[in-house]
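Q: My questions are about this predicted structure, shown below with the sequence.
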Amino acid sequence: MNSFKTLFLLSVGYHLNSCSQFLPRKYYYIDMKMSWTDARHVCRENYTDLATFENMDDINSLEPTFSYELAWIGLWDDPQSWKYAMGSESNSWRWSATNETSKTGYSNWMTNEPQHAGSSETCVAMTTDGKWNDRNCEIGDYFICYTGKKKILFMDLTY
């Protein structure tokens with residue numbers, strides 16, 4: 001009888017785990033120029049946050065109709081983590097939505113970036129080919145927001 005209960009519980013746990021999955025993020029290009037902080041505010045008010053990318057598939061899922069010079073994404077540098085070095089270390093760049101570094105270690109910097117330009121470039125914009133460029137946060141750029149949901153037991157819950 002105990003082995004039946006154990007097998008049953010393992011089976012239920014497997015099925016619960018397989019029902020629990022992250023749905024892909026949906027991205028929205030905003031055709032308005034704003035500072036990074038203002039863009040983040042708009043994204044948080046109307047979507048989930050500024051865009052977060054954990055792999056090239058995320059970038060490839062952008063609509064092909066996006067046409068922008070540079071567009072803010074949710075990556076920013078935390079000067080508090082620099083200590084004695086410039087913030088080019090991977091652990092100083094954080095995603096706006098989580099305030100954490102990349103969970104996958106993925107990055108897509110342009111050649112010779114990030115450069116920080118005298119410590120004034122602490123926000124990140126993306127080019128049309130998906131490359132990242134650190135920029136001054138006060139510059140007005142277009143931006144990309146995203147929405148994300150988590151599906152648990154056949155119910156959609158916004159996280």
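A: Cool, the structure landed.

Q: what's near enough to touch residue 132?
A: 73, 75, 107-110, 113-114, 124-126 (C-beta atoms under 8 Å, 6 or more residues apart in numbering). Every C-beta, even on glycine, is put in place using the N, C-alpha and C of the backbone.

Q: Is it possible to mark the buried ones in those residues?
A: Buried subset of these (neighbour count, 16 or more other C-beta atoms under 10 Å): 73, 75, 108-109, 113-114, 124-126.

Q: Name the residues of stretch 139-151 that are buried.
A: 141-146, 148.

Q: would a markdown table of the residues you listed with pLDDT be doable?
A: A markdown table is the format used below for the buried residues of stretch 139-151 (pLDDT from 0 to 100):
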| residue | pLDDT |
| --- | --- |
| 141 | 94 |
| 142 | 95 |
| 143 | 95 |
| 144 | 94 |
| 145 | 95 |
| 146 | 93 |
| 148 | 79 |
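
Q: From the residues you listed, pick the one nearest residue 35.
A: Relative to residue 35, the closest of those is residue 141; by C-beta to C-beta it sits at 8.2 Å.

Q: That closest one bridge partners, please.
A: Listed by DSSP bridges, the beta-bridge partners for residue 141 are residue 34.

Q: what about residue 106, distance to residue 95?
A: From residue 106 over to residue 95 the distance is 11 Å, taken as C-beta to C-beta, to the nearest Å.

Q: Which one's more surrounded, those two?
A: Applying other C-beta atoms under 10 Å to residue 106 and residue 95 shows that residue 95 carries more neighbours, namely 21 against 13.

Q: which one is the more buried one nearest to, not counting chain neighbours?
A: Excluding the flanking residues, the one nearest residue 95 by C-beta to C-beta, 6 or more residues apart in numbering is residue 52, at 4.8 Å.

Q: Could you check how many residues crowd around that neighbour?
A: Applying other C-beta under 10 Å, we find 21 residues neighbouring residue 52.

Q: Let me know the closest of the buried ones among the contacts of residue 132 to residue 33.
A: Nearest to residue 33 among those, counting by C-beta to C-beta, is residue 125 at 11.0 Å.

Q: which residues touch the closest residue to residue 122 other than its chain neighbours?
A: Spatially, and ignoring its direct neighbours in sequence, residue 122 is nearest to residue 77 (4.1 Å; C-beta to C-beta, 6+ apart). Counting by C-beta under 8 Å, 6+ apart, residue 77 touches 87, 92-94, 114, 116, 121-124, 134.
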